[in-house]
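K.L.:
predicted model and sequence below, questions to follow.
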Amino acid sequence: MYPVIYYLFIVAVGVERVLELVVARRHTRWSIANGGREFGRGHYPLMVTMHTLLLVSCVVEVSVAHRPFIPWLGWTMVAVVVASTVVRWWCVSVLGNHWNPRLIVIPGAPLVRRGPYRWVHHPNYIAVAAEVAALPLIHSAWVTAIVFTIANALVLTVRIRAENVALGYQNVVTKPPVGHHSPT
């Protein structure tokens, strides 16, 4: 894969992220109009910044460090990015108007237990973690992969704790949520 094709792939991911923000804005208006309450406002700008810098760093590292495309690694990572995008949009479709990268909970909304949520509590975050690690590795930008995988893990630790509190439970293993909706 020529670097310019990788750069175009990164631009496509950026466009997809902007599309997510458009959907999120619409869902935010709907959620607030239906009694939704936002939690974790402090970490949301950090999430947006981190994901923006990830895209920039992918391009910069490949360009400046002349990272090669290694076919066995690159094509495998393309498959991971595509699969993670499919899972993320599956989460969006299952949650409908309740999906939002902002942490907005509508009191009394039922916890979603269909789609990928029937198997795991946070499938969107698993998909995001896979994508954050894989996207730079498409063109062997290993420094970006390491740095942003760690940064994403730290942000998700804060996010998942805030989400668990917002949903009214502290320990998802021993105390399952009751009567709340998961905004993931």
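P.N.:
That came through fine.
K.L.:
mind naming the longest helix for the protein?
P.N.:
helix 3-33 (DSSP state H).
K.L.:
can you name every helix or strand that that one contacts?
P.N.:
For helix 3-33, the packing partners by 3 or more CB pairs under 8 Å, 6 or more residues apart in numbering; DSSP states H and E come out as helix 44-65, helix 71-95, strand 103-105. For glycine as for every other residue, the C-beta is placed from the backbone atoms N, C-alpha and C.
K.L.:
can you do 7 Å?
P.N.:
helix 44-65 (3 or more CB pairs under 7 Å, 6 or more residues apart in numbering; DSSP states H and E).
K.L.:
buried ones in the helix it packs on, by neighbour count?
P.N.:
By 16 or more other CB atoms under 10 Å, the buried positions in helix 44-65 come out as 44, 47, 50-51, 54-55, 57-59, 61-62.
K.L.:
and those, which is the shakiest by pLDDT?
P.N.:
Ranked by pLDDT, the buried residues of helix 44-65 bottom out at residue 44, which has 91.
K.L.:
what residues are up against the closest residue to that one other than its chain neighbours?
P.N.:
Using CB to CB, 6 or more residues apart in numbering and skipping residues adjacent in sequence, the residue nearest residue 44 is residue 102, 5.5 Å away. Residues counted as contacts of residue 102 (CB atoms under 7 Å, 6 or more residues apart in numbering) are 24, 28, 38, 44.
K.L.:
what separation do you get for residue 102 and residue 137?
P.N.:
Note on residue 102: its distance to residue 137, by CB to CB, to the nearest Å, is 29 Å.
K.L.:
measure residue 149 to residue 83 for me?
P.N.:
17 Å.
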